[in-house]
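*Asks:* pasted the sequence and its predicted model underneath.
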Number of protein chains: 2
Amino acid sequence: VAVDKGVDFANYFCTYGFLYHQKEMLSDRVRMDAYYNAVFENKHHFEGKAVLDVGTGSGILAIWSAQAGARKVYAVEATKMAEHARELVKANNLQDIVEVIEESMEDVILPEKVDVIISEWMGYFLLRESMFDSVICARERWLKPSGIMYPSHARMWLAPIRSGLVDQKMSDYEDAMNDWHGFVNETESYYGVDMRVLTKPFAEEQRKYYLKTSMWNNLHPNQVIGTPVIIKEIDCSTVTINDILGVRASVSSSISAENTRLCGFAGWFDVHFRGSHENLAQQEIELTTAPSEDFGTHWGQQVFLLHPPTDIWNIASAVYQQVLHRMNLHPDIFTVP
Amino acid sequence: VAVDKGVDFANYFCTYGFLYHQKEMLSDRVRMDAYYNAVFENKHHFEGKAVLDVGTGSGILAIWSAQAGARKVYAVEATKMAEHARELVKANNLQDIVEVIEESMEDVILPEKVDVIISEWMGYFLLRESMFDSVICARERWLKPSGIMYPSHARMWLAPIRSGLVDQKMSDYEDAMNDWHGFVNETESYYGVDMRVLTKPFAEEQRKYYLKTSMWNNLHPNQVIGTPVIIKEIDCSTVTINDILGVRASVSSSISAENTRLCGFAGWFDVHFRGSHENLAQQEIELTTAPSEDFGTHWGQQVFLLHPPTDIWNIASAVYQQVLHRMNLHPDIFTVP
Ligand SMILES: Nc1ncnc2c1ncn2[C@@H]1O[C@H](CSCC[C@H](N)C(=O)O)[C@@H](O)[C@H]1O
Ligand SMILES: Nc1ncnc2c1ncn2[C@@H]1O[C@H](CSCC[C@H](N)C(=O)O)[C@@H](O)[C@H]1O
């Protein structure tokens, strides 16, 4: 469904107002380890510096930045969560360094430009419901020319997959249609109204819902049946809002698994903490949300199913490219047309 | 959570844009039978008349009105569902009588005033997310002074109940808190941040979520342990928007069941189709959403739990009244403060 922008926005902040949701993020060990290591293995980027944490939430990244030696941390948070962040900062005795500001990043006025912008802005499949716009806006207004972005780089990946989801969704769809036919009969016999004319639109609606909407999934690596390809690379220090408005990529990949079905594609992302050209990281850290047996994240992967799945184990690259082309990767839609 | 009004509004219309959701309503036999009987057992209200269907959805009430003999039916629907309604009207060969208008009721201009306004506007516990405002607005602008409202009357009920939900929610809450304590320990040991200061706010948030938010439930009649009381009576022909802004009632009831616990209260509603003073129904029809073994509706009941449940089988009416007073019955909030 195309939902009004204002709705997404308000729902979005609504969620972040809950400690429960912050806790979910704080319990994602892969995410936490990556940011923790990025900060504490690169203390030279923080020592004596001014840092801006865009969307501080519980305050965790601001607190780590301070513990790593920052002179001053501006921790900006739009929701009431800011009050909890302030309490947490105080309880950890960092109130002289971390200043929590309850405001939308777009409206904040800081007393100085900063050396580092740290933020955990990544949404599903990187850009879906992400707040990267706000981070870019913060960078343009408040980062010193020599400043560093944490993370510094991001990439979007796509890979061919097999998945039992395709059968499950197909059978859900068939159940829904069987149910519909019973409904049409009952409405005719009990209430004298012939609903058959709506069968086609209902089928389309259900197909769209069950078969064409992308979905969250935590894949096992062995469900990836071909080479993952990069469909977008982002340098967080230079990317503009225009660059991330839509993602269209023409790529090819080959299916490596044998005797399997191509059931669809999975999208995921990774980000890197590399510092900047002039001020490289001592220890480069990666945070990946790729399918993993032991190191899954709350982001999982975004799955786009194909209907019907293709029963070949070596799909012609022409067909494959065509499939990739057909995908509308605009982050707000994520449907396979 | 207090969600922005605009959000509720957009989400609301978003849902109604799906045939799936219309089908759910069309499959509610209690609802369907009541409207069907109201129309076809009172054909004298429809024969040769002009009818307005506020929020026609699939078009069902407009079609019945036409089948019952209406001269003209204006079927107003704000969402794209209007297109499906139009198709359905045509497939049932009523396009000369039923005019589907895709517009918000508040903006519609009709060529004449109408004799009947029919609408299925009832939300959970009658007024929650209901569209009664739009019906009142339609009545003030488009109903003839002698016109009839379908339904003509509505009532809200409240009754003391027992329910295992209270224990389930209590144990969910306890699980959430145990989990939190593990989380606090891990965050301290792995990431060097002391989260204990957030334990109290987290507990409050979870209490609110699990224990103080009202919830949908389909109760069995034997879970009602005392006399249901009416907390609001509405005459649809005269009620104003002000009258339904908030519902505050001071009522008392007595617990009739023995050896049980008072676990909370259930709210439900009924509506009646009685015609008007000057033009009574030949057959008065009732649609009730009270707890029922065989005739449950998609509205179910709205349950407000008490924590802890009161372990007495004859609660003093003073205490009971106090409890009722404490309930905030404003339809947008539905929490027990
Ligand atoms: N434009 C904006 N201005 C201020 N805060 C924003 C924002 N957009 C999103 N946020 C906030 O950014 C947070 C992102 S979630 C990440 C929270 C925290 N940095 C952590 O890593 O755990 C949310 O709390 C959200 O409310
Ligand atoms: N102000 C308004 N103007 C026009 N349509 C409205 C409206 N408020 C709600 N609606 C529509 O009213 C419908 C209510 S659901 C009831 C549908 C149908 N009358 C039936 O009984 O099955 C929804 O389709 C919703 O989109």
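*Replies:* Nice, I can see it. Numbers count the residues shown, from 1 in each chain, chains lettered A, B, ... in the order given. Ligands and ions are numbered 1, 2, ... in the order given.

*Asks:* need the contact list for whichever residue of the stretch 1-150 of chain A sits closest to chain B.
*Replies:* Taking C-beta to the nearest C-beta, chain B has its nearest neighbour within the stretch 1-150 of chain A at residue A:91, 3.8 Å off. Quick note: C-beta positions are derived from backbone N, CA and C, even for glycine. Neighbouring residues of residue A:91 by C-beta atoms under 8 Å, 6 or more residues apart in numbering or on different chains: B:194, B:196, B:197.

*Asks:* run the last query once more with 7 Å
*Replies:* Residues in contact with residue A:91 (C-beta atoms under 7 Å, 6 or more residues apart in numbering or on different chains) are B:194, B:197.

*Asks:* run through the helices of the stretch 1-150 of chain A in chain order.
*Replies:* A:5-16, A:19-26, A:29-40, A:60-67, A:81-91, A:132-142 (DSSP state H, counting those that start in this stretch).

*Asks:* could you identify which of those is most buried?
*Replies:* Each of the helices of the stretch 1-150 of chain A was scored by mean neighbour count; the highest is helix A:60-67, a mean of 26, by mean count of other C-beta atoms under 10 Å in any protein chain shown.

*Asks:* lowest-scoring secondary structure element of chain A by mean pLDDT?
*Replies:* Ranked by mean pLDDT, DSSP states H and E, the weakest helix or strand in chain A is helix A:317-326, scoring a mean of 45.

*Asks:* redo the helices of the stretch 1-150 of chain A as CSV? Include distance to residue B:241.
*Replies:* Below are the helices of the stretch 1-150 of chain A laid out as CSV (distance: least, C-beta to C-beta, whole Å):
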stretch, distance to residue B:241
helix A:5-16, 24
helix A:19-26, 35
helix A:29-40, 48
helix A:60-67, 46
helix A:81-91, 35
helix A:132-142, 38
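
*Asks:* mean pLDDT for those helices - can I get that in TSV?
*Replies:* Output for the helices of the stretch 1-150 of chain A, formatted as TSV (pLDDT from 0 to 100):
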stretch	mean pLDDT
helix A:5-16	51
helix A:19-26	94
helix A:29-40	98
helix A:60-67	98
helix A:81-91	98
helix A:132-142	97
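
*Asks:* say whether ligand 1 is contacted by whichever strand in chain A runs longest.
*Replies:* If you go by DSSP state E, chain A has its longest strand at strand A:262-275. No. On the criterion C-beta under 6 Å from any ligand atom, strand A:262-275 is out of touch with ligand 1, staying 12.3 Å away.

*Asks:* give the partner strands of that strand in its sheet and their orientations.
*Replies:* strand A:153-161 (antiparallel), strand A:280-288 (antiparallel), strand A:301-310 (antiparallel) (DSSP bridges).

*Asks:* convert the first one to CSV, retaining C-alpha atoms only.
*Replies:* The C-alpha trace of strand A:153-161 is given here as CSV (Å, rounded to 0.1, in the frame of the first residue of the first chain):
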residue,chain,number,x,y,z
HIS,A,153,30.7,3.5,3.9
ALA,A,154,27.6,1.5,3.1
ARG,A,155,26.8,-1.1,0.5
MET,A,156,23.6,-2.8,-0.7
TRP,A,157,23.7,-6.4,-1.8
LEU,A,158,21.4,-8.7,-3.8
ALA,A,159,21.7,-12.4,-4.2
PRO,A,160,19.6,-15.2,-5.8
ILE,A,161,18.1,-17.5,-3.1
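
*Asks:* and that strand, which residues are buried?
*Replies:* A:153, A:154, A:155, A:156, A:157, A:158, A:159, A:160, A:161 (16 or more other C-beta atoms under 10 Å in any protein chain shown).

*Asks:* the second one now?
*Replies:* Taking 16+ other C-beta under 10 Å as the basis for neighbour counts, the residues of strand A:280-288 that come out buried are A:281, A:285, A:287, A:288.

*Asks:* for residue A:239, state which of the residues you listed is nearest.
*Replies:* Distance to residue A:239 across those (C-beta to C-beta) is lowest for residue A:287, with 17.4 Å.

*Asks:* how about the closest one, nearest residue that isn't a chain neighbour?
*Replies:* residue A:34 (3.5 Å; C-beta to C-beta, 6 or more residues apart in numbering or on different chains).

*Asks:* the one you found contacts residue A:285, doesn't it?
*Replies:* Yes. Between residue A:34 and residue A:285 there is a contact at 5.6 Å, judged by C-beta atoms under 7 Å.

*Asks:* near ligand 1, which residues of chain A are found?
*Replies:* Proximity of chain A to ligand 1 (C-beta under 6 Å from any ligand atom) is limited to residues A:13, A:16, A:25-26, A:55-58, A:60-61, A:76-79, A:81, A:104-106, A:120, A:131, A:134.

*Asks:* distance check, residue A:26 against residue A:78.
*Replies:* Applying C-beta to C-beta, to the nearest Å, the value for residue A:26 to residue A:78 is 18 Å.

*Asks:* now swap in residue A:226 and tell me
*Replies:* Counting by C-beta to C-beta - residue A:226 and residue A:78 are separated by 41 Å.

*Asks:* so what does the residue in the stretch 151-300 of chain A positioned nearest to chain B have for phi and psi?
*Replies:* Proximity to chain B, evaluated over the stretch 151-300 of chain A using C-beta to the nearest C-beta, is greatest for residue A:197 at 3.8 Å. Note on residue A:197: backbone dihedrals following degrees, to the nearest 10 are phi -60, psi -20.

*Asks:* repeat that for the one 5 residues further on.
*Replies:* Here is the backbone geometry of residue A:202 (degrees, to the nearest 10): phi -60, psi -40.

*Asks:* could you find the closest non-adjacent residue to it?
*Replies:* With sequence-adjacent residues excluded and distances taken as C-beta to C-beta, 6+ apart, residue A:202 is closest to residue B:19, at 4.7 Å.

*Asks:* my guess is residue A:43 contacts residue A:66. True?
*Replies:* No. Residue A:43 is beyond contact range of residue A:66, at 11.7 Å (criterion: C-beta under 7 Å).

*Asks:* just the mean pLDDT for stretch A:188-205, thanks.
*Replies:* Averaging pLDDT along stretch A:188-205 gives 97.

*Asks:* next, see if that stretch gets close to ligand 2.
*Replies:* No. Stretch A:188-205 is not in contact with ligand 2 by C-beta under 6 Å from any ligand atom; minimum separation 10.9 Å.

*Asks:* that older thread, my read: the residue of the stretch 151-300 of chain A closest to chain B touches residue B:89, true?
*Replies:* No. In this structure residue A:197 lies outside contact range of residue B:89 using C-beta under 7 Å: 9.6 Å.

*Asks:* show me which residues of chain A sit near ligand 2.
*Replies:* Close to ligand 2, as judged by C-beta under 6 Å from any ligand atom, chain A has no residues.

*Asks:* for ligand 1, what is the nearest residue in chain A?
*Replies:* residue A:55 (2.0 Å; C-beta to the nearest ligand atom).

*Asks:* pull the contacting residues for that residue.
*Replies:* Contacts for residue A:55 (C-beta under 7 Å, 6+ apart) come out as A:76, A:77, A:119, A:121, A:131.
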